[in-house]
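**Student:** I need the structure of the sequence given here:
(2 chains)
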Amino acid sequence: MTDASTLQPFPGPENFRGNASTSAKRYRAFSFSRIYAITTNTVTELTRLKVFYVLLVFALVLIGSSIFMAQFSFQQEFQILKDVSLGAISIFTSLLAIVATARLLPQDMEDRTVYTILAKPVPRFEYVLGKIAGVLLLLAISTLVMAAAFVLVLYMREQAVVNAIARQMSGAPADQVADALRVVRSSAFNIDIVPGIIIIYLKACLLAALTLFVSTFATSNIFTIVVMAFIYFIGHLEATAREYWLQEHSSGLLARVFLAVVALLFPDLQAFNLMDDIVAGTAISLTLFAKTAALGVFYTVIYTLLAAFVFYGKEL
Amino acid sequence: MMRGLVALAVLIVVGTVKLPVEHNLAALHRQEHFRGVEFNLDLREKIGQLGFIAALSGFRAIVADALFIQVYSAWENTEWGRMLLLFRHITTLQPRVLLFWDTAAWHMAWNASVAAMNDQKQPRLALRVKAQREYFALGKDFLERGIKNNPDRPELYEALARLYKEKYKDHERASEFYAKAADLPGAAPWDKRFSAYELSYCEGREREAYERLRSLYDEGEKERLPTLIKRLKFLEDKVGIRLEQRIPDKQK
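**Tutor:** Numbering: from 1, shown residues only, chains lettered A, B, ... in the order given. Reported below is the predicted structural model:
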């Protein structure tokens, strides 16, 4: 038997208004907390991937193996150590960006996680944004780890050479010793390497966003990876195609159309390959760094937006 | 399908917007000595298909280092011709790395030239001398091309000055290149002094050399090194400087 006092009154217009306003307060069209939840979930999911650990360990081994270049002079050793380590960071961040991102959407569809998430009031844009943010966070962590390992190895080698020289020149005048040590230190760490590493990271971000865009219309992650491998090489040729297209007018129509397609549709990945020259001693100006970084951010944003746009129309 | 076409259209629009931006950025890169390597058929023939692809993908430093390690083993086997070829590839790939230009020149002008001069298989001295001079020229060529690619850095000017001094015994040219190095930022503090020393060996330019050494001497105790004083004394006698204008003897 039901007590009349426990019965709830049928909601009148006022009550309806009250409920509606409460639910409007609870649900927001754009929520950072929802994106944050998807981001952390993506990072957790990606760190469980064995491929991620293999890449990281391989990168660290490669950096560590550079120590054994003892047969060279210290300038040659530092040069090779920096080239190999920074090259490894560049390779592994790019690989990680492509491989990790390529599997995000297909895996979620295969596991049916995407249906569970999108059945809740989560807009697809937030889902895409959360996913890409997770990859970018993972890339940032791995770039930082690799960069830290590289700096540590370089510092240890520098200290070993400094100690050896200080021992050898123990009887020499102080200014000569100081000169010799200055040469060693200037051959080792160069502060311009830091913006160089940031540019490597931004290139990886661009590749991750582009991979996400490709994966929105791809049918499998293998397809995405293969397409991205082509895009990677074409992207490095884009500058050549662009210059040729803009300057050379004598080539045939077909060639010009092809060059135009390459120049317009692909990002200029050569613009992000500054590290070789930075290691060689070329100073990077603030203007150049800012413009290159802005181009990287621009591409990342555009490809993410396009990925979200295509994903909105995708039948799930 | 419709969304795909819209995305393609957006990409084309974005492409037209980014085209001038990328073009200007590439120009800025070149202006600031980035993107110094031109990827063409000549480079591909030199370093092979695989190396070319790796270099094109942004790993030309690693390709250059791999070739440099090959140089090391070629050196152990005294394969000078192979070393020359490898160094040409390396410096093409990494024109901004001074170390490669300098090492290439050193191997050619110092090691290969001595090996050519001591070549037991060649009984004729004239031919050994000819081979030695050719290796000097190869070393000089590496340094000159290195300077052309790095006109803003003093190290290769110094190396070329050393080569002129030690191998060609051309003190005038050595002085000229030490002076050029001294004018650049980051030059070694002794470049100016070395330029004056070399000039002091040049017949007919003793007065100029004296003035430069004297001005260095007048800069203070730090510049009053034994060699400088010795050369200055020599020039005072040679130029005929009056006794009251000469540096004091106690500095000897």
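**Student:** Quick one: residues contacting A:K203.
**Tutor:** Contacts for A:K203 (Cβ atoms under 8 Å, 6 or more residues apart in numbering or on different chains) come out as A:S90, A:T93, A:S94, A:L269, A:F272, A:G296. Backbone N, C-alpha and C define where each C-beta goes, glycine included.
**Student:** which SS state does the third one fall under?
**Tutor:** Translated: A:S94. helix (DSSP: H, G, I helix; E, B strand; the rest coil).
**Student:** residues near it, how many?
**Tutor:** 23 (other Cβ atoms under 10 Å in any protein chain shown).
**Student:** you'd agree it is up against A:L207?
**Tutor:** Yes - using Cβ atoms under 8 Å as the test, A:S94 is close enough to A:L207 to be in contact (5.6 Å).
**Student:** related to what we said a few turns ago, any of the contacts of A:K203 buried? List them.
**Tutor:** A:S90, A:T93, A:S94, A:L269, A:F272, A:G296 (16 or more other Cβ atoms under 10 Å in any protein chain shown).
**Student:** how many neighbours does A:I199 have?
**Tutor:** A:I199, neighbours per other Cβ under 10 Å, totals 24.
**Student:** buried stuff in the helix or strand harbouring it?
**Tutor:** Using DSSP states H and E, the element containing A:I199 is helix A:193-217. Neighbour counts using 16+ other Cβ under 10 Å place A:193, A:195-217 of helix A:193-217 among the buried residues.
**Student:** of the contacts of A:K203, list those near chain B.
**Tutor:** A:S90, A:L269, A:F272 (Cβ under 8 Å from any Cβ of the partner chain).
**Student:** From the residues you listed, which land in helices?
**Tutor:** Of the ones next to chain B among the contacts of A:K203, the ones assigned to helices by DSSP state H are A:S90.
**Student:** re the thing from before, show me what the following helix or strand past the helix holding A:I199 is packed up against.
**Tutor:** Sequence order places helix A:221-247 as the next helix or strand after helix A:193-217, per DSSP H and E. Judged by 3 or more Cβ pairs under 8 Å, 6 or more residues apart in numbering or on different chains; DSSP states H and E, helix A:221-247 is in contact with helix A:74-102, helix A:104-111, helix A:193-217, helix A:253-265, helix B:2-31.
**Student:** could you redo the last one with a cut-off of 6 Å?
**Tutor:** Applying 3 or more Cβ pairs under 6 Å, 6 or more residues apart in numbering or on different chains; DSSP states H and E, we find helix A:221-247 packed against helix A:74-102, helix A:193-217, helix A:253-265.
**Student:** In a markdown table: the ones you listed, plus mean pLDDT.
**Tutor:** Formatted as a markdown table, these follow (pLDDT from 0 to 100):
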| stretch | mean pLDDT |
| --- | --- |
| helix A:74-102 | 87 |
| helix A:193-217 | 94 |
| helix A:253-265 | 88 |
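**Student:** Ranking helices and strands of chain B by mean pLDDT, which lands last?
**Tutor:** helix B:41-54 (a mean of 70; mean pLDDT, DSSP states H and E).
**Student:** Not counting sequence-adjacent ones, nearest residue to whichever residue of the stretch 101-250 of chain A sits closest to chain B?
**Tutor:** Taking Cβ to the nearest Cβ, chain B has its nearest neighbour within the stretch 101-250 of chain A at A:H236, 5.3 Å off. In space, and not counting its chain neighbours, A:H236 is closest to A:L269: 4.9 Å by Cβ to Cβ, 6 or more residues apart in numbering or on different chains.
**Student:** Please enumerate the helices of the stretch 101-250 of chain B.
**Tutor:** Using DSSP state H, counting those that start in this stretch, the helices of the stretch 101-250 of chain B run over B:113-117, B:125-149, B:155-166, B:171-182, B:191-200, B:206-218, B:226-239.
**Student:** Show me what the longest one is packed against.
**Tutor:** Using 3+ Cβ pairs under 6 Å, 6+ apart as the contact criterion, the secondary-structure elements in contact with helix B:125-149 are helix B:98-106, helix B:113-117, helix B:155-166.
**Student:** could you redo the last one with a cut-off of 10 Å?
**Tutor:** Where contact means 3 or more Cβ pairs under 10 Å, 6 or more residues apart in numbering or on different chains; DSSP states H and E, helix B:125-149 is packed against helix B:80-93, helix B:98-106, helix B:113-117, helix B:155-166, helix B:171-182.
**Student:** contacting residues around the closest residue to chain A within the stretch 151-252 of chain B?
**Tutor:** Residue nearest to chain A within the stretch 151-252 of chain B (Cβ to the nearest Cβ): B:R153, separated by 7.1 Å. Contacts for B:R153 were tallied using Cβ atoms under 10 Å, 6 or more residues apart in numbering or on different chains; they are A:280-282, B:33, B:96, B:98, B:146-147, B:181, B:184-187.
**Student:** pLDDT score assigned to A:P11?
**Tutor:** The model reports A:P11 with a pLDDT of 43.
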